[in-house]
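1. quick one, structure for this:
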Amino acid sequence: MCDAVVKEWGVEAALRQSEERFRRIVQNSPMGIYEYELDASGRLVLVGVNPAADVLTGAENSKLVGKCIDEAFPNLADTDIVEHFTIAAKYGRSWSRQEVIYDDRTITGTFDVHAFQTA
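-> Residues are numbered from 1 along each chain as shown. Here you go, the predicted model:
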């Protein structure tokens, strides 16, 4: 019994260390990273943004956390990007596109966009 508890604590500690390492990578990455999760209805909800996203877009992206992707970035609603992000989230199929032009009142620029599943 005692050995099983020790092993379980070891696994939990390793998992916590791995999660912390991943969090540090995301937070310190020079690339803008937006983290999404699928809600119960299958919509992508923004759950996290790293500091580089603010630097690259010139926007306070943390204000968008909790919004669906098409609410946070309305100009994506009429593109296939939301569909590709949803497929990446549901099925783990990575996707990328170079030179996505985005322009709204807050964010304007040309971006390389990559979608992939992390869990």
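2. give the buried residues for the lengthiest helix in the chain.
-> Ranked by residue count under DSSP state H, the longest helix found in the chain is helix 2-28. Within helix 2-28, the residues that count as buried by 16 or more other CB atoms under 10 Å are Val26. In short, each C-beta sits where N, CA and C put it, glycine included.
3. what do you get for stretch 100-119?
-> Using 16+ other CB under 10 Å as the test for burial, stretch 100-119 gives 102, 107, 113, 115.
4. partners of the host helix or strand of the first one, with directions?
-> By that I understand Tyr102. Under DSSP states H and E, the secondary-structure element containing Tyr102 is strand 95-103. Each strand paired with strand 95-103, and its direction, by DSSP bridges: strand 108-115 (antiparallel).
5. of all the buried residues of stretch 100-119, which two lie farthest apart?
-> Ile107 and Ala115 (17.6 Å; CB to CB).
6. hang on, the earlier thing: I would like the residues contacting the strand holding Tyr102, please.
-> Contact with strand 95-103 is made by 73, 75-76, 81, 84-85, 87-88, 108-116, as judged by CB atoms under 8 Å, 6 or more residues apart in numbering.
7. who does the residue most central in space within the chain bridge with?
-> For the chain, Glu35 is the residue whose C-alpha lies nearest the centre (CA atoms, centre = their mean; 1.6 Å). Beta-bridge partners of Glu35, counted by DSSP bridges, are Gly48.
8. can you pull the contacts of it?
-> The contact partners of Glu35, by CB under 8 Å, 6+ apart, come to 26, 46-49, 118.
9. and the residues you listed as JSON lines, adding distance to Gly10?
-> Supplementary listing: the contacts of Glu35 in JSON lines, determined by distance: CB to CB, whole Å:
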{"residue": "Val26", "distance to Gly10": "25"}
{"residue": "Leu46", "distance to Gly10": "34"}
{"residue": "Val47", "distance to Gly10": "29"}
{"residue": "Gly48", "distance to Gly10": "28"}
{"residue": "Val49", "distance to Gly10": "33"}
{"residue": "Thr118", "distance to Gly10": "24"}
